[in-house]
Every structure is written in structure tokens, then in C-alpha cells.
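Novice: just need the structure, nothing else, for what follows:
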Amino acid sequence: MGGSQGKRTGFRGMRDRARSGYAWSGNKETELGLKKSDATQPDGNTELIRPRKLYNPVKDSKSYRALHCELVLNHKRGFALPNKPELQRVMEQRKYDLLREQEKAQRPITDFEQELNKRHQKLEQYKEEQQKLEEQENVPEFVKIKETLRTTKKGSAENGQMI
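Specialist: Sure, this is the predicted structure:
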């Protein structure tokens, strides 16, 4: 089916109609569901209320219509939605990451990368030295003296001398 033949118009077609309660078409005879001959009844009551089914507000929302339009266009173009299970997607991503790492390992390291690695190593050594200094400052005095005595004992034991 093409165009808007036989389709419901949604909120756009309801601009002039009442949006709360029930939607009315505007023509009294058709509103009431009566023929022209039935419009006037013997008792004179022409105001029968015949409700119609309300439109689904979700389907009438702009976001739903935009999504539906996008899905229809993608279907026409032949784009398929991702039907892969989550596990398969994760495994493919890991395989892709592994291949990238292997390619990166195979290519030679540039001068810039070498310089960056050197600076990174120097920074790490500096941080380690700072941590050692902080640890030594927090150690009590008698522990420091004990350490110096141990080093002197080890040094003299290596030389063959006993204190």
C-alpha cells in the first residue's frame, strides 16, 4: 500500500478535534453513528454520545514516528539491524583488539615513541626514589641506626673481618 490510503492519521489529523476524552470527527451525523434519517429521533434527542476508540499516545508521539520512519528507511535500503548475540559481539571485539596489538608489536618503534618511553621510565624512577625517601623519613631513628649497623656488618663479613 502506498501513501496514506486507509491509514489512521494520528495526532496530526486530530488538530481541530478535542484531544481529551474522545476524538470526534466533526460531522454530527457521522459522530453519532447515525444515518441522516436517524439524526432526529421521535423524542427529539439528537445528542447521543457514541465513543470511539482512542489513539495510542505512544504511537502518536514524535519520537516513535521518527524511529519508525528511520526503521522503514533502513529496511528499504537493506541495512539490517544488529542481530548478533552479545557474546559473539564481545568475542569479535576481543579478536579485533588482539589483532591491533599484534600489528602494533610488529611495526618498528618510532623515535618519538622511544623518547616517550625513556621519559616515562625516568618519571617512574623518580617516583620510586621519592617514595623511598618518604619511607625513610617516617622510620624512627633507632631503625635507621640498626640498618647502618647491618650494612657495616655485611660489608666487613664480606671482607673476611669480624667486628
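Novice: any idea how far L71 is from K84?
Specialist: 18 Å (C-beta to C-beta, to the nearest Å). The C-beta positions use only the backbone N, C-alpha and C, and glycine is treated the same way.
Novice: same check on E124?
Specialist: Counting by C-beta to C-beta - E124 and L71 are separated by 52 Å.
Novice: what number of residues lie near L73?
Specialist: By the criterion of other C-beta atoms under 10 Å, L73 has 10 neighbours.
Novice: one more: R65?
Specialist: 14.
Novice: please report how far it lies from Y96.
Specialist: Counting by C-beta to C-beta - R65 and Y96 are separated by 36 Å.
Novice: SS state for N83?
Specialist: Put simply, N83 is coil when judged by DSSP: H, G, I helix; E, B strand; the rest coil.
Novice: what is the subsequent helix or strand relative to the helix or strand of the chain with the lowest mean pLDDT?
Specialist: Using mean pLDDT, DSSP states H and E, helix 28-32 stands out as the lowest-scoring helix or strand of the chain, at a mean of 51. Following helix 28-32 in sequence order, the next helix or strand is helix 57-60 (DSSP states H and E).
Novice: tell me which other helices or strands that following helix touches.
Specialist: Judged by 3 or more C-beta pairs under 8 Å, 6 or more residues apart in numbering; DSSP states H and E, helix 57-60 is in contact with no other helix or strand.
Novice: mind pulling up the pLDDT for E115?
Specialist: E115 carries a pLDDT value of 96.
Novice: tell me which helix or strand it sits in.
Specialist: Judged by DSSP H and E, E115 forms part of helix 111-138.
Novice: need the next SSE after that helix, C-terminal direction.
Specialist: Following helix 111-138 toward the C-terminus (DSSP H and E): helix 141-159.
Novice: can you give me the angle that next one makes with helix 111-138?
Specialist: 110 degrees (axes from the mean of the first three to the mean of the last three C-alpha atoms, to 10 degrees).
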